[in-house]
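J.: Give me coordinates for this.
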Amino acid sequence: MRKFQKGFFVGAATAAHQVEGNNIYSDCWAQEQLKYSIFQEPSLDAVDHYNRYQEDIEYMADAGLNAYRFSIEWARIEPEQGKFVEIEIEHYRNVIRCCREKGLEPFVTLHHFSSPLWVIQKGGWESEDVIQYFAEYVEYVMKKLGNEIKYVCTINEANMGLQIASIMERQKRQEKANASRRKEEGQQVQLGMDSEKMEENERLGAEENERVFYTATPQTFCSSRTEQGDFIVMKAHQKAVHIIKELYPETKTGLTLSLHDIQPQPGGEERAKAEWEKEFTHYLPYIEQDNFLGVQNYSRSRIGADGIVPAPEHAELTQMNYEYYPEALEHVIRAVSKQFHGDLYVTENGIATADDTRRIAFIEKATDGVASCIADDIPVKGYFYWSLLDNFEWHRGYTMTFGLIQVDRKNGMKRQVKPSLAYLGQLCPDK
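T.: Residues are numbered from 1 along each chain as shown. I've put the predicted structure just below:
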């Protein structure tokens, strides 16, 4: 059952905003409270991991895992510019020490999507000022905690903004095509069309943003990103790495990227090549000196002559409407390893499903692929399943169940360990 050799990390991952609860000084919290919010529901207490981290870490240890990837919440550490909160640093010190006491290596992410509200009010992730803001936060955290951390991800899914930009562009093209079709079919004069309400909500939402973020179009980390914004994120990463290495040269550093298994279909070869360039290749100059790259993959993306091709007919879909395709992870690792020559960690891979037998099957197939890569001397050093807990899945709220542990939010946050956690633990090398 044990697929991996001693020294390989098998763990689970979380993100602070999604699990801790009451992240009240963050941009995401602010967005959730808006009347015209894009979030289905607010995070509120999330799954109370902030207070229950010891219990959750014990579940991992009891299952046999040997690592835990979690994030430190910038908005807790620096809720106001230049005001650092010592008690929050001590909280994360306790989390790190709890991991070590239970035999889990803490794999720390410094930024996982959410930012302090004040950062967004000052221009957000399209402003060059964010490079220095982030650097000051990183320096503070590392001076306080750096002697207890061996592995640091600076930024989670640094390419997310460009991926969102691509999605928005596709949606605009689709909306334009649909509008043209409605016009041809004589539908444009129907009274009370949804598009009218959408436009009104967009206007009112912009006014709301002005009041909260001081701009109609706040540039959060998960906003549609420009090429200049993409460059700013890379410079923020590089500066963070420089700070970390100056303070603790032996600390292993890197970032993570959201990567699809891009498969060209007939006529889509050039589009697929361009997609991989945007998603991965153009980042190489900024990360080639990093110790590792975090690979995050959930499915494949088939590219035809006109762009993304839908999943095959009758394909199994997850709750997120991704194609169930665990083979994608191996394909992505092999593609990345051709051009990035540092260590690789699978920092996220998982499935949203109510059927835990399908989760176990997904983990089995995905980790078979990881083992195959290692057998071919590709330096994959760890696998972190997403996610440890059923949690707050951003815009979709609590409807997506990725977790190895179920949380009953209506019954005192009671935990129920799923069989998939024990299965994952059986893959872990002996400690």
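J.: tell me the phi and psi of residue 382?
T.: phi -170, psi 160 (degrees, to the nearest 10).
J.: Can you report how many residues lie near it?
T.: 24 (other C-beta atoms under 10 Å). To be clear about C-beta, it is placed using only N, CA and C from the backbone, and glycine gets the same treatment.
J.: distance of the nearest residue to it once chain neighbours are set aside from residue 343?
T.: Nearest non-adjacent residue to residue 382, counting by C-beta to C-beta, 6 or more residues apart in numbering: residue 9, 3.2 Å away. According to C-beta to C-beta, to the nearest Å, residue 9 stands 11 Å off from residue 343.
J.: So which of the two has more stuff around it?
T.: With other C-beta under 10 Å as the criterion, residue 9 and residue 343 differ in neighbour count, and residue 9 comes out ahead with 22 against 16.
J.: Now do the contacts for that one.
T.: Residue 9 makes contact with 66-67, 105, 107, 345, 381-384, according to C-beta atoms under 8 Å, 6 or more residues apart in numbering.
J.: Kindly report the same for residue 313.
T.: So residue 313 contacts nothing (C-beta under 8 Å, 6+ apart).
J.: What strand or helix carries it?
T.: If you go by DSSP states H and E, residue 313 is not part of any helix or strand.
J.: repeat for residue 253
T.: Element membership for residue 253 (DSSP H and E) is strand 252-258.
J.: Tell me which residues of stretch 238-255 come out buried.
T.: Across stretch 238-255, burial judged by 16 or more other C-beta atoms under 10 Å covers 238-241, 243-244, 248, 251-255.
J.: likewise stretch 415-431?
T.: 415, 418, 420-421, 423-425, 427-428.
J.: and which of the residues you listed is nearest residue 125?
T.: Each of the buried residues of stretch 415-431 was scored against residue 125 by C-beta to C-beta, and residue 424 proved nearest at 33.4 Å.
J.: The closest one reaches residue 10, doesn't it?
T.: Yes - between residue 424 and residue 10 there is a contact under C-beta atoms under 8 Å: 6.5 Å.
J.: Now for those two: what residues contact both?
T.: Shared contacts of residue 424 and residue 10, defined by C-beta under 8 Å, 6+ apart, comprise residue 65.
J.: and stretch 83-103, what's its mean pLDDT?
T.: Regarding stretch 83-103, the rounded mean pLDDT is 98.
J.: quick one: contacts for the spatially closest residue to residue 356 that is not a sequence neighbour?
T.: With sequence-adjacent residues excluded and distances taken as C-beta to C-beta, 6+ apart, residue 356 is closest to residue 418, at 4.7 Å. Going by C-beta under 8 Å, 6+ apart, residue 418 touches 356, 359, 403-406.
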